[in-house]
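Engineer: no sequence on hand, only this structure:
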């Protein structure tokens, strides 16, 4: 009984163990299956990540390539102005020409066909057309009515333009104004010789040196003697004065803007080589035929005298005026250098020799030349009168004039001629020259709106520039032009460095010169500053319906600035 019980218990335990074994086997298999399933999932996930990463890299490469390609494309302008310029350039090109044979004809061959020369011009160019367009813009701005918001100089420019167009007022104004200016210069309204056809040792006081200095200061006109501002040939960072003899109203050909110092500061020869005084009479007669004769001068002087002297009956003095014309021509023929216009200006002419003299040294030279005649003091007196309103700018005794040898010869001969003439003859010459100049000058004969616009732009360039200046120019166009010029400069500097035909010193000097060059683009920024613009034109007086007075006032204003700043480079 016990053995059966033991056996039964053993069998039960075995069955239980087997049952446990069976029950555990599926669990074990289940775990194995789960591990295999997890590994597949990880593999799939890693594979997907790799594909995604490759896709991201591929897309990034495509985006970078597109961005890089877009940035390497040229910056093409598609504005209206750019398209118009491109079309114009294409229209001007002659594609039938081989650019390797004639590049100019290829680029500009059709320009002349589309831009015929106007009948009133001897030539036509793109620059002249641009200038004409600018003058049209200037005229449209000047024709506007002045408003309270306009700066004073702009309003003055418009007043000057309107006065120029008032032809009736100009007719009434002219004679009285000329008489006033003659009085300011120290000249009579009628030549003193008119009542003294025979003149001897009479007591007559006329300071012709002070008169020509006042004329220079008022009109910018050299009469017998004059001055100029030149660059020092030994030190180009400074200016010097030069005294000269020639008829040259340089200041009436101002460039568009006064900041260019009104005219070139570089030294230029204003006189020609001196001719010998002893010349055959027949040659003098032939030369005299090139200009007006005594009868023409007499008739002109008579008309001027009647215009500026109301009530003067010139018909009673026809014979006297004929004598004046003959006297004028006789004095003119004695002046040095009358044949200068026919002098040879060939390129192989020797370069001028420039020397430096104090005013006293120049006086000693001319006094020595006219000896044994008594000394004729002239140069210091001329400068004293010229700079009388500006004592701070007057040259000192230590300042040296820069003079050419030819100019010295002219001045010596001039002093000898003038010192031996009766003072009434010198007065006649100055009177005739100045009155004829004012009456017949181009500014007194302006007829069209375009002429008057040019007149105002010439005399008040900065005020006109303010009126037509594009306010967006400084922010848009100017930076691009500066960038272009800088690129050109950089390329030039690189070419200098790479060239093999320059030595090291020449390369250095060239690069320093390139570095020191300044670019003047468009207009100075301070033009748009109303306060600075008004300070620049402070003291300028412009009146309504006073064309001639306005013209002279503007020239005098420019001369004032020139005399005060002649030392400024």
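Structural biologist: On my side now, so go ahead. Note that the coordinates shown come from a computational prediction; the quantities given were computed from them, not determined experimentally.

Engineer: can you give me the helices in the stretch 151-300 of the chain?
Structural biologist: 152-165, 167-185, 208-219, 281-288, 294-308 (DSSP state H, counting those that start in this stretch).

Engineer: got the buried residues for the last one?
Structural biologist: Taking 16 or more other Cβ atoms under 10 Å as the neighbour-count basis, helix 294-308 is seen to contain the buried residues 294, 297, 298, 299, 300, 301, 302, 304, 305, 306, 307, 308. C-beta: built from backbone N, CA, C; applies to glycine.

Engineer: now do the last one against residue 328, distance only.
Structural biologist: Read it as residue 308. Using Cβ to Cβ, to the nearest Å, residue 308 is found at 17 Å from residue 328.

Engineer: next: the fifth one.
Structural biologist: Here the criterion is Cβ to Cβ. By it, residue 300 lies 10 Å from residue 328.

Engineer: which parts of the stretch 101-250 of the chain are strands?
Structural biologist: In the stretch 101-250 of the chain, strands defined by DSSP state E, counting those that start in this stretch lie at 226-231, 239-244, listed in chain order.

Engineer: one step back: now, the most widely separated pair of the buried residues of helix 294-308?
Structural biologist: Greatest spacing in those, by Cβ to Cβ: 294 and 308 (21.3 Å).

Engineer: where does pLDDT dip in the stretch 201-350 of the chain?
Structural biologist: Scanning the stretch 201-350 of the chain for pLDDT under 70 picks out 201-203, 246-292, 338-350.

Engineer: and what of the chain?
Structural biologist: The model of the chain has pLDDT under 70 over residues 1-39, 69-74, 174, 196-203, 246-292, 338-351, 441-446.

Engineer: can you list the domain ranges for it.
Structural biologist: Listed by automatic domain parsing, the domain ranges of the chain are 80-114, 168-339+352-444.

Engineer: so which of those is the most packed in?
Structural biologist: Stretch with highest mean neighbour count among those: domain 168-339+352-444 (a mean of 16; mean count of other Cβ atoms under 10 Å).

Engineer: now the helix or strand where residue 318 lies against helix 294-308, angle please.
Structural biologist: If you go by DSSP states H and E, residue 318 is part of helix 318-334. On the basis of axes from the mean of the first three to the mean of the last three Cα atoms, to 10 degrees, helix 318-334 is oriented at 120 degrees to helix 294-308.

Engineer: circling back: make TSV out of the domains of the chain and add distance to residue 455.
Structural biologist: Below are the domains of the chain laid out as TSV (distance: least, Cβ to Cβ, whole Å):
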stretch	distance to residue 455
domain 80-114	30
domain 168-339+352-444	6
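
Engineer: excluding its backbone neighbours, what's nearest residue 416?
Structural biologist: Residue nearest to residue 416 in three dimensions, not counting chain neighbours: residue 370, with 4.8 Å by Cβ to Cβ, 6 or more residues apart in numbering.

Engineer: next one: residue 156
Structural biologist: Nearest non-adjacent residue to residue 156, counting by Cβ to Cβ, 6+ apart: residue 542, 4.1 Å away.

Engineer: shouldn't that neighbour be in contact with residue 162?
Structural biologist: No. With contact defined as Cβ atoms under 8 Å, residue 542 and residue 162 do not form a contacting pair (10.3 Å).

Engineer: which of those two has more neighbours?
Structural biologist: More crowded of residue 542 and residue 162, by other Cβ atoms under 10 Å: residue 542, with 24 against 19.

Engineer: give the contact list for the more buried one.
Structural biologist: If you count contacts by Cβ atoms under 8 Å, 6 or more residues apart in numbering, residue 542 has them with 156, 157, 159, 160, 163, 550, 553, 554.

Engineer: adding distance to residue 66 and neighbour count, write those residues out as a markdown table.
Structural biologist: Shown next, in a markdown table, are those (distance: Cβ to Cβ, whole Å; neighbours: other Cβ atoms under 10 Å):
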| residue | distance to residue 66 | neighbour count |
| --- | --- | --- |
| 156 | 59 | 23 |
| 157 | 55 | 31 |
| 159 | 61 | 19 |
| 160 | 60 | 27 |
| 163 | 64 | 23 |
| 550 | 64 | 26 |
| 553 | 66 | 20 |
| 554 | 61 | 24 |
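
Engineer: returning to that earlier point: so which elements touch the helix holding residue 318?
Structural biologist: Counting contacts by 3 or more Cβ pairs under 8 Å, 6 or more residues apart in numbering; DSSP states H and E, helix 318-334 packs against helix 281-288, helix 294-308, helix 423-440.

Engineer: and the contacts of that helix?
Structural biologist: With Cβ under 8 Å, 6+ apart, helix 318-334 has contacts from 191, 193-195, 197, 284, 288, 293-299, 301-302, 305, 314, 338, 417, 421, 425-426, 428-429, 432.
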